[in-house]
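Chemist: Got a predicted structure here, sequence first:
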There are 2 protein chains.
Amino acid sequence: MERANEDLTAKARIRDAALRLFAEQGFEATTIRGVAAAAGVSSGLVRHHFGSKEALRDACDAHALDHAMAVKEEAILAGGLADSTFMAAVYPSMLLMQRYLARSLVDGSPSAAALFDRMVDVTEQWAQAGRLPTRPADPRAFAAALVAMQTGLLMLHDQVSRALGADILDASGNLRLGRAVLDIYTHPLLTEDQAAQARAAYDQLQARQPLSSASSAAAPHVGGGRDGEGPRT
Amino acid sequence: MERANEDLTAKARIRDAALRLFAEQGFEATTIRGVAAAAGVSSGLVRHHFGSKEALRDACDAHALDHAMAVKEEAILAGGLADSTFMAAVYPSMLLMQRYLARSLVDGSPSAAALFDRMVDVTEQWAQAGRLPTRPADPRAFAAALVAMQTGLLMLHDQVSRALGADILDASGNLRLGRAVLDIYTHPLLTEDQAAQARAAYDQLQARQPLSSASSAAAPHVGGGRDGEGPRT
DNA sequence: CAGTCAGCTACACACTCGTGTAGTCCTTCC
DNA sequence: GGAAGGACTACACGAGTGTGTAGCTGACTG
C-alpha cells in the first residue's frame, strides 16, 4: 500500500521527508540540510523546488490537509465506515499527517491553528447535535478541551509509547491505546459524589475570586477525596 | 504573593526568565541572549551562573520540580485540600511550572520524561486502587492516555485559549475549562451501544491484522454511527 | 590599605543556519 | 544536430547561535 520511496519524484520525496521530520522534531529544529539528507538530495534542490523553508512548510500543510480530506471523502464514498478509527487503520499515512498537524500546533503554524479552530467548530456542533448521552453544559469549552486532549495524545507520541513499552503507531500498541481511550470516554472517571464535590469546589473558587486575575487549575482533579491526587502533580 | 522581580538575585531572575521562555517558545527556539534580555542582564552572565544552555535547562527542571513538590507538601500539611485543582488556584506559579514541564516533554527533556513516567505510575496505581467508578481493563494504557491527554491541554494553551476567546491561565477562562474537563470526565461520551460497536470494530481490526505493522487509530471514534465523525479529521 | 573573589560585561571565535548564485547534466523539441 | 529548459549540485555569504576568554567593579577580609 505504501508507495516505494524510489518511485517518487524528488520533490515528493523532499516533501515527505520534511513532513516526517517536522512531525518528529518540530519546524525550528528541522534543517533544510537535514530534509535534503533524509530525501537523498542536495540542500540546494530543496530550495529549487520550494523556494524557502516557510514555503516548504506550507506545502507540507497543504499536503497533510489534502491527504486527510481525500482519504476522508474516499472513505465516505466507499461506504459507511467513515469514522476516523477505521480510516486511520486502513490508511497508515493518516496517523503521520495527524501527528504532523498536532506538532504544527505547538510550533505555531497558522494553517494548523486554523484547522484546530475548525475541528473545535465541528466538535462543538457535534456536541450540540445531541448525539452525546449527556449534553455538555458549555459545548464550546467541551469541544476545545476534547480536541486538545486528543491532539495531546499524538504530540506525546514518544512519551506514551515509552510508558506503554510499545509504539502506539504500530498495530498492537495502537489498538491498546485506542481501547484505553475508548475506556476513558465510555466510563465516567468520577462518581456522582466526587463530581458534585468538584463542582462545589469550583463554585467556591468562583465565588471567592470572581474577578481576580490569579490563575487557577487547568488540570481538574480526578481523584476527588482528601488523598485523591490527580495524575497531575 | 508574587515576589517582585527587582528583589531577586540575578541568578534567580535568569532562571525565572528561562523557565518562562522555555515554556512559551520551547528549548531550541529560546536563545541565551533572549533569556539574558528578559532577565535584564548580559548574555555572559547567564553562562557565568549556569555554565551552558543545557545546565540552565537542568536548573529549570530542578526548580520546577522542587517548586511543585514544595507546594504540594505544604498543601498536604496545611489541610485536606491536596488536590491539584485547588493547589493551582492558590499558587498561580504552579500553572507555569506545569506548562514548562509539559513543553519539556515535547522538547525531549530527560527529566521531564522521567516525570511523565512517574505520573503514569502514580495514575496507574490510582486506577488500580479502585477509586474509580469503573476499573479500567488496561490500567497502564489507561493511565498513560489520561496523563498525555491532560498534558495536551497545557501544551495547547494558546490554541485552547484562542478557541475559547479567553486565556485559560486567567481565572475566568480557567474555571470554564476546568468545568468542561470535569464534564468530560464525569459523563460518558458514548452510549453503551456505541461503545459496544466501537469495541467490536477494534476486535475486528485486531483479528484482521493480528501481526501486521500497519498503523491503526490513535484517535478513537467518538461518534459511533455512520455519519458520526469524531473531533479528529 | 592591599588582596581577593564573586558578580558582571564586552568581545571574539567556530559553527550552523537559511539563502543566494553559478554551473552541470539530461531530457525534450524544433 | 543543437538550442532550451528543468532537475540537480557545489559553493559562498551574512546572520545568529553557543561557547570561550579577558577584563572591570565593588564588597568583604586580613
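Modeler: Okay, I see it.
Chemist: Would you mind listing what in chain A touches DNA strand C?
Modeler: A:30-34, A:43-44, A:47, A:52-54 (CB under 7 Å from any atom of the strand). All C-beta spots, glycine's among them, are computed from the backbone N, C-alpha and C.
Chemist: Pull out the buried members of these.
Modeler: A:30, A:32, A:34, A:53 (16 or more other CB atoms under 10 Å in any protein chain shown).
Chemist: which of the residues of chain A next to DNA strand C lies closest to chain B?
Modeler: A:T30 (10.0 Å; CB to the nearest CB).
Chemist: How about the closest one, nearest residue that isn't a chain neighbour?
Modeler: A:L21 (4.5 Å; CB to CB, 6 or more residues apart in numbering or on different chains).
Chemist: one step back: out of the buried ones among the residues of chain A next to DNA strand C, which two are the most distant from each other?
Modeler: A:G34 and A:K53 (11.2 Å; CB to CB).
Chemist: With chain B in mind, check whether the longest helix belonging to chain A reaches it.
Modeler: Using DSSP state H, we find that the single longest helix of chain A is helix A:53-78. Yes: interface with chain B: helix A:53-78 contributes A:68-69, A:72 (CB under 8 Å from any CB of the partner chain).
Chemist: So A:G34: helix, strand or coil?
Modeler: With DSSP: H, G, I helix; E, B strand; the rest coil as the basis, the three-state label of A:G34 is helix.
Chemist: My understanding was that it contacts A:F22; is that so?
Modeler: No: using CB atoms under 8 Å, A:G34 is not in contact with A:F22, being 10.4 Å away.
Chemist: host element of A:I184?
Modeler: helix A:171-186 (DSSP states H and E).
Chemist: and if you look at A:A195?
Modeler: Here A:A195 is assigned to helix A:192-208, by DSSP H and E.
Chemist: Just the angle for the helix or strand harbouring A:V122 relative to helix B:171-186, thanks.
Modeler: For A:V122, the host element (DSSP H and E) is helix A:110-128. Helix A:110-128 and helix B:171-186 meet at an angle of 60 degrees, taking axes from the mean of the first three to the mean of the last three CA atoms, to 10 degrees as the criterion.
Chemist: I'd like to know which elements helix A:110-128 is packed against.
Modeler: In terms of contacts (3 or more CB pairs under 8 Å, 6 or more residues apart in numbering or on different chains; DSSP states H and E), helix A:110-128 is packed against helix A:53-78, helix A:93-107, helix A:139-155, helix B:157-164.
Chemist: Which one of those helices lies nearest to DNA strand D?
Modeler: In terms of CB to the nearest atom of the strand, the element of the helices and strands packed on helix A:110-128 nearest to DNA strand D is helix A:53-78, at 12.0 Å.
Chemist: Counting by contacts, list what the closest one packs against.
Modeler: helix A:10-25, helix A:32-39, helix A:43-50, helix A:84-90, helix A:93-107, helix A:110-128.
Chemist: what about 7 Å?
Modeler: helix A:10-25, helix A:43-50, helix A:84-90, helix A:93-107, helix A:110-128 (3 or more CB pairs under 7 Å, 6 or more residues apart in numbering or on different chains; DSSP states H and E).
Chemist: which one of those has the lowest average pLDDT?
Modeler: The minimum mean pLDDT among the helices and strands packed on helix A:53-78 belongs to helix A:84-90 (a mean of 56).
Chemist: The helix holding A:I184: how far from the chain's middle?
Modeler: 15 Å (CA atoms, centre = their mean, to the nearest Å).
Chemist: tell me which residues in that helix are buried?
Modeler: In helix A:171-186, counting by 16+ other CB under 10 Å, buried: A:171-186.
Chemist: and which of the residues you listed is nearest to A:A198?
Modeler: Distances from A:A198 to the buried residues of helix A:171-186, taken as CB to CB, are shortest for A:I184 (16.9 Å).
Chemist: how about the closest one, what does it touch?
Modeler: B:142, B:145-146 (CB atoms under 7 Å, 6 or more residues apart in numbering or on different chains).
Chemist: Could I get the residues you listed in a markdown table, plus columns for neighbour count and pLDDT?
Modeler: As requested, those are exported to a markdown table (neighbours: other CB atoms under 10 Å in any protein chain shown; pLDDT from 0 to 100):
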| residue | neighbour count | pLDDT |
| --- | --- | --- |
| B:F142 | 26 | 94 |
| B:A145 | 34 | 94 |
| B:L146 | 28 | 93 |
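Chemist: Throw those residues into TSV and include distance to chain A, thanks.
Modeler: Output for the contacts of A:I184, formatted as TSV (distance: CB to the nearest CB, whole Å):
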residue	distance to chain A
B:F142	5
B:A145	5
B:L146	5
